[in-house]
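# Quick check, what structure comes out for this input:
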Amino acid sequence: MKIGDKVRFLNEVGGGTIAGFEGKNIVLVEDQDGFEVPMLCSQVVVIETNENNRVIKKKEAEPPAVRILEDDAWDDPADRPIAYKPKAQERKGGELLNVCLAFVPEDSRELTSTRFEAYLINDSNYYVSATFANNEGSAWHLRWQGTIEPNTKQLLETFDRSDLNDLERLSVHLITWKQDKPYMMKPVVGVELRLDTVKFYKLHVFQPSPFFREPALVYDIVRDDRPIKQVFVEAEELLDAMREPVPEVLPQEEEETPVPQRTRAEEREALKAAKRALKEEAKVQREKEREKDRGKELGKDGIIEVDLHINALLDHTEGLSSSVLLNTQLTEFRIMMDRNMKKKGQRIVFIHGKGDGVLREAIIKELRFRYRNCTYEDASFQRYGFGATMVTIG
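Residues are numbered from 1 along each chain as shown. Below you'll find the predicted structure:
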């Protein structure tokens, strides 16, 4: 045995390299952790001999060289961030500004539970700096702001039905320009929108568009350089004029009666009254439209009648599968049930027609598993025939 030989233990697990001797019978074995273990020479056996009679040590890895950067000349170009960005692609016919606001359901087959995505679409060769805000009483709340590149669309946010009330009144402001080339100046755009939130419950209002694979509800903000502004009736002066008596045409020889001038206080009161009248009229009109859209009619005996025929729910059904049509009818059924669940004793007649009974079976399944507290029976045959089911809210 010599220093540097590799050995292993006979009666124990392990081994190592001979590092030295103590006397004639004790050998010092260095294990892989660097500890020297004294063992009897008779308890070790040589498995590899070092011809040079020295301990073989592994060469330690040299530490990486430290480079001191004195100036930018030492900077490695590979370490620099990528600053190159391809120029935006322009298209023929994109010199006219066209911007749209779009709403896309994540799952159009489940309108009652799906979330919605809001997009701003820049269909032009201009960069667009935009803000998207909603009205909160007398103030506005910024929901998104940023820059949209030419001929691209930008996801603004994702929301569910609980956020629809906040989105009833929106505003979009736009500023346009081009980079590194001359361009025609476009006017700054500020458009205010009023969303009919009832539309988000109707499948047929989401139509195919060139911007999405899924059906979408699209509102034009700017079309061919012209802002699309909804008509907000500023009828203060019109109402004032309606209140004024129509002047009679007097003969030329007679003097015209001078029109009395109102004071500032009277004008302010007239404006306030006109605004209140407009708000009340708009409120009544919205309620009428919503009741008409829901297809609901209150009978003489207090029974709510809901027509579930597909022609009463959708304007057109071309290209829609039977499963989509059935889901639309069930969605209308759930909306009417959820709206009246707190009215105990209220009776609702769902007119589904006789047909092959698929819709009636689906309604009964919903009542058994989703609306267990409600009772149901066939509606009056004399009034509705075989095609109606009456539900009583429990």
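# Test my guess that Gly190 contacts His173.
Yes: counting by Cβ atoms under 8 Å, His173 is a contact partner of Gly190 at 4.8 Å. Any C-beta I mention is one placed from the backbone N, CA and C, and that applies to glycine too.
# The two: which is more packed in?
A direct count of neighbours by other Cβ atoms under 10 Å for Gly190 and His173 places His173 higher, at 16 against 13.
# Where does that one sit: helix, strand or coil?
Here His173 is strand, with the state taken from DSSP: H, G, I helix; E, B strand; the rest coil.
# and if you look at Gly94?
Assignment for Gly94 (three-state DSSP): coil.
# I'd guessed it sits against Asn122; true?
No: the pair Gly94 / Asn122 is not scored as a contact, 9.6 Å apart, by Cβ under 8 Å.
# overlap in contacts of those two?
Jointly contacting Gly94 and Asn122 under the rule Cβ atoms under 8 Å, 6 or more residues apart in numbering are Pro150, Asn151.
# out of those two, which sits in the busier spot?
Taking other Cβ under 10 Å, Gly94 and Asn122 do not tie; Asn122 has more neighbours (27 against 16).
# what sits against that one?
Taking Cβ under 8 Å, 6+ apart, one finds Val99, Val128, Ile148, Glu149, Pro150, Asn151, Thr152, Lys153, Gln154 in contact with Asn122.
# switch the cut-off to 6 Å
Counting by Cβ atoms under 6 Å, 6 or more residues apart in numbering, Asn122 touches Val99, Val128, Ile148, Thr152.
# Out of those residues, flag the one nearest to Val222.
Among these, Val99 lies closest to Val222 (Cβ to Cβ), at 4.5 Å.
# Count residues in the vicinity of the closest one, would you?
24.
# switch to numbering from 9
Okay, residue one is now 9; in that scheme the one you just asked about reads as Val107.
# For Leu201, see how far away it is.
Applying Cβ to Cβ, to the nearest Å, the value for Val107 to Leu201 is 12 Å.
# Quick check: which helices or strands does the host helix or strand of Val399 pack against?
Element membership for Val399, per DSSP states H and E: strand 396-400. If you count contacts as 3 or more Cβ pairs under 6 Å, 6 or more residues apart in numbering; DSSP states H and E, strand 396-400 packs onto strand 355-359, strand 383-386.
# Can you select the buried ones among the contacts of Asn130 for me in ChimeraX?
Buried residues among the contacts of Asn130 (16 or more other Cβ atoms under 10 Å), as a ChimeraX selection:
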select :107,136,156
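# In strands, which of the contacts of Asn130 fall?
Using DSSP state E to define strands, the subset of these located there is Val107, Val136, Ile156, Thr160.
# isn't the second one right next to Ile156, touching?
Right, Val136. Yes: the pair Val136 / Ile156 is scored as a contact, 4.6 Å apart, by Cβ atoms under 6 Å.
# If you count neighbours, what's buried in stretch 271-280?
The neighbour-count check on stretch 271-280 (16+ other Cβ under 10 Å) flags Ala278 as buried.
# picking up where we left off before, tabulate the helices and strands packed on strand 396-400 in a markdown table, adding columns for distance to Arg151 and mean pLDDT.
Listed next are those as a markdown table, based on distance: least, Cβ to Cβ, whole Å; pLDDT from 0 to 100:
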| stretch | distance to Arg151 | mean pLDDT |
| --- | --- | --- |
| strand 355-359 | 38 | 92 |
| strand 383-386 | 43 | 92 |
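# got the CA coordinates for stretch 179-186 in CSV?
What follows is stretch 179-186 as a C-alpha-only set of coordinates in CSV (Å, rounded to 0.1, in the frame of the first residue of the first chain):
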residue,chain,number,x,y,z
SER,A,179,-67.3,57.6,-23.2
VAL,A,180,-64.4,57.2,-25.6
HIS,A,181,-61.8,59.9,-26.5
LEU,A,182,-59.4,59.5,-29.4
ILE,A,183,-56.3,61.3,-30.6
THR,A,184,-54.6,60.1,-33.9
TRP,A,185,-51.2,60.4,-35.5
LYS,A,186,-48.6,58.6,-37.6
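# average pLDDT across it?
What stretch 179-186 shows for mean pLDDT is 92.
# now stretch 237-251
Per-residue scores along stretch 237-251 average to 52.
# of the ones in strands among the contacts of Asn130, closest to Lys189?
Comparing the ones in strands among the contacts of Asn130 against Lys189 with Cβ to Cβ picks out Val136 as the nearest, at 16.0 Å.
# what sits against that closest one?
Neighbouring residues of Val136 by Cβ under 6 Å, 6+ apart: Asn130, Ile156, Leu182, Thr184.
# May I have the beta-bridge partners of the third one?
When bridges are called by DSSP bridges, Leu182 pairs up with Ala138, Val197.
# so how far is Val230 from it?
Plainly put, Leu182 is 7 Å away from Val230 if you go by Cβ to Cβ.
# overlap in contacts of the two?
Val197.
# so where's this protein uncertain?
The model of the chain has pLDDT under 70 over residues 58-94, 238-270, 296-308.
# how does it divide into domains?
Structural domains assigned to the chain are 14-56, 107-235, 242-253+270-301, 303-400, following automatic domain parsing.
# Among those domains, which comes closest to Ala96?
domain 107-235 (4.5 Å).
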